[in-house]
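**Student:** Build me a model from this:
(2 chains)
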Amino acid sequence: MKKVIGFMRKYPAFTGLVGLLIVLSILSDRFMTVSNMLNVLRQASIQAILAFGMTVVIVSGGIDLSVGSVFAFSAVVLASILKSGSIFFAIVVALVIGGAFGAFNGIIVAKTKIQPFIVTLATMAIARSFTLVYTNGMPITGFSQSFRFIGRGEFLKVPMPVWIMFSVFVFTWYFLAKTKPGLYVYSIGGNEEATRLSGVKVDRYKILVYVISGVFSAVGAIVLTARLNSAQPIFGQGYELDAIAASVLGGASLSGGKGGVVGTLFGALIMGVINNGLNLLNVSPFYQQAVKGFVILAAVLMEREQ
Amino acid sequence: MEKITKRFPGVVALDGVDFDLKEAEIHALVGENGAGKSTLIKILGGVHKPDAGTITLNNRRVYFHSPLDAQLAGISVIHQELNLVEELTVAENMFLGREKRWWFVDRKKMRQEAASIMEKLKFHVNPSEVVKNLNVSEKQLVSIAKALTYKAQIIVMDEPTAAITKTEVDRLFKIMKDLKTHGVSVIFISHRIEEIYEVADRVTILRDGKKIGTYDVGSVSKEDLIRMMVGRKIDDMYPKYNTPSSEVIFKVVNLRIPGKVHDVSFEVKRGEIFGIAGLVGSGKSEIAMGIFGAIRAHFDEMYLYDKRVSKISTPVDAIRHGIVMIPEDRKSQGLVLILDVLKNLSVANPEKVTRASFILDWKRAKEFSLKAVEDFRIKVSSIQQLVKNLSGGNQQKVVLSKFLYKSPKLVLLVEPTRGIDVGAKVEVYHLINRLANSGVGVVFISSELPEVVSLCDTVLVMHRGRAMALLTGSEVTQENILKAAAGVEVA
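**Tutor:** Numbering: from 1, shown residues only, chains lettered A, B, ... in the order given. I've put the predicted structure just below:
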């Protein structure tokens, strides 16, 4: 019991999630079913994957606004290669594109000291433009059964996107909690100058965090393309905001040095549950953004109270 | 001010302190770091509220709820970090928040009034000049002029002479005496005993939050003043048992840092404590930053234990060569305040806390941190305590322990005792002695002359980026250092 209370104190987002689950299962009898819960998980998985990358960047004291556009560009390049080439090759290229955009962000942030907000805002515009030019504004659709398995298949009754999200979660958790670069990310976010004067090659790790975020965008793009059997040039619009929201709901501080993927997972699930619950309750989707906005404000205020 | 008491979590900053100020006097306030000077000033200036005690101004009891209250009552505090808006002009700063007319600013009238006040101060700066283009001394004078726009009866100056040249100090003192003739009283804080004798009428000594006494400056000797400040005999304060030799273990020739340090060369011998002194802005801390690779520096030659060091461009290079630096500002440069002691120590010592070079071994990290806490006698509730919740002295010990397990060959200590209590200071001095005796090169950079004079065998004095004097043995005196720091040749 003590452990549970400690956990709830450490992750207010968990408490919030449990509260939401209870309220929604009272309000709708279709909510708390195995199939609906798997549905929530599947829908939240892509946002969660992006949010894990965003959390790493935010912990380092940065921000990555380009994730949505990089997501779209990875998706359309992936889709065009799938039309002719092998699945494996297409996936590798998509991941490399994500990583390359991340490296671009990271190198500029680390070497020029321009604020990450500005740098990634520029990349956001650039990658979106690349996407439109590359596709001429048209979606690319129709892929093989085996590729679609990534988005639609199940393993042990659990949807593949959930498995992929879970793997990314474990990887990121291990990275932040158990590795030296992860420790440096917290330290850089907490005080970059002190970290540099401790003999840490700060630039290298700042680049790394943006590469991670870029690659995770590409992972999300692969999952969504497979699920919809289509890649759209308008993919990923507003995803950066969902990712930031999930990180902040999970306890990450935009000033850096604080946060973690366990909290972010709960944050992403809260967002997913809200979407799903409002649908089940027949609330107009036009209200969804407003509800999310108020939830974020409430969560951050509650955290400050502590 | 009567029986002023102020407690902060864990410390009593002021314990029933009385303080009185006469009309038209210059009253010096002295004491060591942590003695309570700044707390007293902050209470007078309305920043803090006292837990007990009263403030009476012109026979009327006053209560200040904010700095503005104090200012409107005629008390202006000029802090070390001057509270001017850099991007605004001199005149705009002087009238900030009280611009003539609502909404539209009558710049002409403001400029005229600013000019007339500066005329009174015999201080000539264009009121339309943007403040960021002024030097420290000019900014101070703008702050004084600003205080006069509030019709200040009391002006408090917190270490106004720490960062300015001798000529500028003389000008400031003249203005202070001028203010006195206009009926303004000045409270003057300084660490330089000589200045107190030069300008002050009375002096109040604080120590450990208690008032030791108030004296007419003429009636108390320098020695007594220092004894009252420190509260014990000076020999206890500054332990010294290092054994200098003639073997040179570190040498740098023509160190240059653009705009900061010009062609400075020096060598450090085994067992000696090598000091670098000088005013703020003289380039003394930049020397350490440059050698450590924290800022861009060039040099013709550098040797460490007969090994030539060809280039240091980052702290990583310096650490690889065995050079470490205890940085000047532990909060902004030394520590990650929002992380715990364990993580702070681990970041600087990855080889002690990882396996397979990048996987953290928290068990080893904990053992390592517990050892550091014990070796350096760091007082923590646990190694998971956040560094921001430690006292200054314990924070500084964390910084020291971060770097000293790297088996350095040369340690550059920049202001290692700034803002820490007397007990911790003495521990740092002991540590410096032990480091020197263990064969590590020790460069001790400090603005506090008593510790430089007492600890160092050799002192390099900097003036405006140049090496002004190299003092050894009996030449190492406060007088000689002050002279050289002001740019005067030492005979």
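**Student:** distance of residue A:58 from residue A:259?
**Tutor:** The gap separating residue A:58 from residue A:259 is 6 Å, by C-beta to C-beta, to the nearest Å. For the C-beta atoms, the positions are set from N, CA and C on the backbone; glycine is no exception.
**Student:** And for residue B:238?
**Tutor:** 46 Å.
**Student:** do residue B:368 as well
**Tutor:** Relative to residue A:259, and taking C-beta to C-beta, residue B:368 is found at 25 Å.
**Student:** Looking at these two, which one has more neighbours?
**Tutor:** residue A:259 (26 against 20; other C-beta atoms under 10 Å in any protein chain shown).
**Student:** Three-state assignment for that one, please.
**Tutor:** For residue A:259, the assignment made with DSSP: H, G, I helix; E, B strand; the rest coil gives coil.
**Student:** tally of neighbours for residue B:407?
**Tutor:** Residue B:407: 8 neighbours (other C-beta under 10 Å).
**Student:** Using the three-state scheme, assign it.
**Tutor:** At residue B:407 the chain is in coil, as set by three-state DSSP.
**Student:** What of the one 4 residues further on?
**Tutor:** Per three-state DSSP, the secondary structure class of residue B:411 is strand.
**Student:** Could you measure from residue A:61 over to chain B?
**Tutor:** When distance is defined by C-beta to the nearest C-beta, to the nearest Å, residue A:61 is 11 Å away from chain B.
**Student:** Skipping adjacent residues, who's closest to that residue in space?
**Tutor:** residue A:256 (2.9 Å; C-beta to C-beta, 6 or more residues apart in numbering or on different chains).
**Student:** Pretty sure that neighbour sits against residue A:60.
**Tutor:** Yes: taking C-beta atoms under 8 Å as the definition, residue A:256 is a contact partner of residue A:60 at 6.4 Å.
**Student:** Looking at the two, which one has more neighbours?
**Tutor:** residue A:60 (30 against 24).
**Student:** Wait, that one touches residue A:185, no?
**Tutor:** Yes: look at residue A:60 against residue A:185 with C-beta under 8 Å: they come within range, at 4.7 Å.
**Student:** what sits against residue B:250?
**Tutor:** Taking C-beta atoms under 8 Å, 6 or more residues apart in numbering or on different chains as the criterion, residue B:250 is in contact with B:267, B:268, B:303, B:304, B:305, B:409, B:410, B:441, B:443.
**Student:** let's see 10 Å
**Tutor:** Counting by C-beta atoms under 10 Å, 6 or more residues apart in numbering or on different chains, residue B:250 touches B:266-270, B:274, B:291, B:302-305, B:309, B:323, B:409-410, B:412, B:440-443.
**Student:** that older thread, which SS class is the residue nearest to residue A:61?
**Tutor:** For residue A:256, the secondary structure call by three-state DSSP comes out as coil.
**Student:** all helices of the stretch 101-250 of chain A, in order?
**Tutor:** Residue ranges of the helices in the stretch 101-250 of chain A, as given by DSSP state H, counting those that start in this stretch, are A:116-135, A:145-152, A:160-178, A:180-190, A:192-197, A:202-228, A:239-249.
**Student:** and chain B, which of those is closest to it?
**Tutor:** Across the helices of the stretch 101-250 of chain A, the minimum distance to chain B, taken as C-beta to the nearest C-beta, is reached by helix A:180-190, at 3.7 Å.
**Student:** Was I right to think residue B:438 contacts residue B:243?
**Tutor:** No: applying C-beta atoms under 10 Å as the test, residue B:438 and residue B:243 come out as separate, 11.1 Å apart.
**Student:** who touches both of the two?
**Tutor:** Listed contacts common to residue B:438 and residue B:243 are B:270, B:271; contacts here mean C-beta under 10 Å, 6+ apart.
**Student:** how close does the residue nearest in space to the middle of chain A sit to chain B?
**Tutor:** Central residue of chain A (C-alpha atoms, centre = their mean): residue A:50, 1.6 Å from the mean position. Separation of residue A:50 from chain B (C-beta to the nearest C-beta): 25 Å.
**Student:** give me every residue that touches that residue.
**Tutor:** Neighbouring residues of residue A:50 by C-beta under 10 Å, 6+ apart: A:64, A:67-68, A:70-71, A:168, A:213, A:216-217, A:219-221, A:236, A:239-240, A:242-244, A:246-247, A:268.
**Student:** Repeat the analysis, applying 8 Å as the threshold.
**Tutor:** Applying C-beta under 8 Å, 6+ apart, the residues near residue A:50 are A:67, A:71, A:216, A:217, A:220, A:239, A:240, A:242, A:243.
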